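A.B. asks: Predicted model and sequence below, questions to follow.
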Amino acid sequence: TLINHTNTAQTLLYTVTPISGAAGSCVGSTFTVIVTVNPRPIVANETLLATCSGVPFTLSPATGGINNNSIATGTTYSWVAPTVTGSLTGGLLGTAQASISGTLTNVTNSAQTATYTVIPSSGTCIGTPFTVTVPVNPKPVIQNQVATICSGGTFTTTITDASPTTIVPLNTTYTWTVAANANVTGQSDQTAQSSITQTLTNLTTAVETLVYTVTPTSGDVGNCLGDTFTITVTINPTPVAILPNTMNGCSNGTNFYVPFNLALNNNTITNGVANLTVSYYENLPDAQTATNAVALPYTNTSYPQIVYVRVENDLTDCFTTTTLELNVTQGPTANVPNPLEVCDPDSNGFSTFNLLDSINQITGGAVGLQVDFYETQTDALNGFAITRIPLTVPYANIDQNTQTVYVRVSYALTGCSNFVTLQLI
């Protein structure tokens, strides 16, 4: 039995002397026997450096090295499908190949291995089987994403592993670019981030979008690049809230806490825009979280008082806030005027009076006041224009000889009033 310890064919020359056997032990002429001993491949077990999922690997064993391989020129390799962990795919058999190669796909989020049992052959000489172990690191596999926020809000895309459809290895990082959109601020390209998040502001009153193109890279194992995916972010505008004028309430002089119908401001605040809901709060945090809205009508708790207004879009839930000032005032000072007296030539108790003559005495010359005259106290309290005595012509009394006219004195700005009477004689 001959063993070739090299990786090339070796020959042995035997010189043989034949001797007859039973008849005389005669010695014949010598002859030679040449024996060629081909090498048998000797390859040690091999563990490759880790590869990324979907990246081809190749092993071409060589003679020598730390494993002291012995491999003849032209050696080929054959193997069956490998033994795998973690449902690795792509492990195919090979027959009479010049090298051991393949492309393996890791459908998990952790490192897996494929172990090939390989038979080397050199001509008709078959070597001892050896193993090739291929570690395969995962690469991220992530589908396109969408996000919707309100202007000024922050979107955060958190992607969790759901192998095999979504693969997120531990400590995956993200690098992205953002398509240009001049109507949005806050966006920027970033590298090697642990999460995908930015605060965006829509500069318009229309819906705007941004498209992020993201490249994921596995973290703890392999730094394997995944295929790019997109995140389409919709940035809804916040509603426009018009700052309303101060709302005035009128005190009777002793009670400065009066009911306000705050809803009268709704149309002003929204400027008549549809699909907006207006609600009122006693402090800003409540307005921002839409908690503890006040009931209407609302009675002030101080004077003046700031009420916080939340304007929310019914379709997008985006909101903004503004303020409304409540003010409580008394009516103006109203002086009791001297009676208006006129002559009665026919002595029938009726004549005409110029009510305008009493106004300066009633107001004391103050400006910003509205003075109205009524025939009954109820009409004066109600302040209805239809029952107001017109001042464009002299007034003819309706009660004979003496009549009381009821005077309503109001601030033109707030409508708060005081009342006096005027005697006609």
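C.D. replies: Arrived safely, thanks for sending. These numbers were taken from a predicted model, which means no experiment stands behind them.
A.B. asks: For residue 184, see how far away the nearest residue to residue 288 once chain neighbours are set aside is.
C.D. replies: Closest residue to residue 288 in three dimensions, ignoring its sequence neighbours and counting by C-beta to C-beta, 6 or more residues apart in numbering: residue 321, at 6.6 Å. In this view, the C-beta of every residue, glycine as well, is placed from N, C-alpha and C. Plainly put, residue 321 is 22 Å away from residue 184 if you go by C-beta to C-beta, to the nearest Å.
A.B. asks: which stretches of the stretch 101-250 of the chain aren't confidently modelled?
C.D. replies: Of all residues in the stretch 101-250 of the chain, those with pLDDT under 70 make up the ranges 220-221.
A.B. asks: thought residue 99 was touching residue 62?
C.D. replies: No. In this structure, residue 99 sits apart from residue 62 without contact. The criterion is C-beta atoms under 8 Å, and the distance is 10.5 Å.
A.B. asks: picking up where we left off before, residue 321 and residue 184: which is more packed in?
C.D. replies: Neighbours were tallied for residue 321 and for residue 184 using other C-beta atoms under 10 Å; the higher tally belongs to residue 184 (19 against 16).
A.B. asks: So the residue nearest to residue 288, which state does it fall into?
C.D. replies: Reducing the assignment to helix, strand or coil with DSSP: H, G, I helix; E, B strand; the rest coil, the entry for residue 321 is strand.
A.B. asks: The most centrally placed residue in the chain: what secondary structure?
C.D. replies: Centroid-nearest residue in the chain: residue 155, 2.2 Å away (criterion: C-alpha atoms, centre = their mean). In three-state terms, and counting by three-state DSSP, residue 155 is strand.
A.B. asks: And for residue 285?
C.D. replies: For residue 285, the reduced secondary structure class is helix; criterion used: three-state DSSP.
A.B. asks: likewise residue 359?
C.D. replies: Using three-state DSSP as the criterion, the local structure at residue 359 reads helix.
A.B. asks: cool, and residue 362?
C.D. replies: Taking three-state DSSP as the rule, one finds residue 362 in the helix state.
A.B. asks: That one reaches residue 410, doesn't it?
C.D. replies: No. In this structure, residue 362 sits apart from residue 410 without contact. The criterion is C-beta under 8 Å, and the distance is 11.7 Å.
A.B. asks: Which residues are in contact with the residue lying closest to residue 46 once chain neighbours are set aside?
C.D. replies: Closest residue to residue 46 in three dimensions, ignoring its sequence neighbours and counting by C-beta to C-beta, 6+ apart: residue 132, at 5.0 Å. The contact partners of residue 132, by C-beta atoms under 8 Å, 6 or more residues apart in numbering, come to 45, 46, 47, 48, 59, 79, 100, 115, 116, 118.
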